[in-house]
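Q: Dropping a prediction and its sequence here:
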Amino acid sequence: MGLFKQMKEMKDVVAAAPGMIDQAQQMGANAQVMQAQMQAQQQAAMQQAMAAQAAANGNLQAQPGGLEPIAGVSLQQYAVIVKAIAPLNYDQSALPGIAASHGIDGASWQAAHDGWNARIQGDPAVARAFSDIYRGV
């Protein structure tokens, strides 16, 4: 009688195996999501700390030439054009048309867009100036 009971238990284990595998895979996926969330939170905290430190310094100065127009496009113009896509669900493809409506040709806009993005990412003072203008537009 013990042999039949063991065979039944073995059959039950084999029947439950796919569910257990699915559950293990789901747990692994959940762990990856949690790890990504933790990394994003750590990165956000680091950025906040850097911004707080920069604000605490209070004397943020743009690098020489950092606020000069790029391809004839000032930071003010850039912020106005970039903010204009907010009601368009931030559709980046609309930027050249909006720039054209402000009298900026396609090549100048592309140069300004690339240049201002690089400056904003590379210089905290330019990023802050852009943010201030963007919020005020």
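A: Received it, and whenever you're ready, just let me know what you need.

Q: Can you tell me which helices and strands the helix or strand hosting residue 37 packs against?
A: Take DSSP states H and E as the rule and residue 37 turns out to sit in helix 2-57. Contact partners of helix 2-57 among helices and strands, from 3 or more Cβ pairs under 8 Å, 6 or more residues apart in numbering; DSSP states H and E: helix 124-136. In this view, the C-beta of every residue, glycine as well, is placed from N, C-alpha and C.

Q: hang on, isn't residue 67 packed against residue 127?
A: No - Residue 67 is not in contact with residue 127 according to Cβ atoms under 8 Å; the separation is 11.5 Å.

Q: Quick check, pLDDT for residue 48.
A: You'll see residue 48 listed with a pLDDT of 69.

Q: Beyond the helix holding residue 37, next helix or strand please.
A: Following helix 2-57 in sequence, per DSSP H and E, is helix 75-83.

Q: just the angle between that next one and helix 124-136, please?
A: Helix 75-83 runs at 60 degrees relative to helix 124-136, counting by axes from the mean of the first three to the mean of the last three Cα atoms, to 10 degrees.

Q: Good, we can wrap up now.
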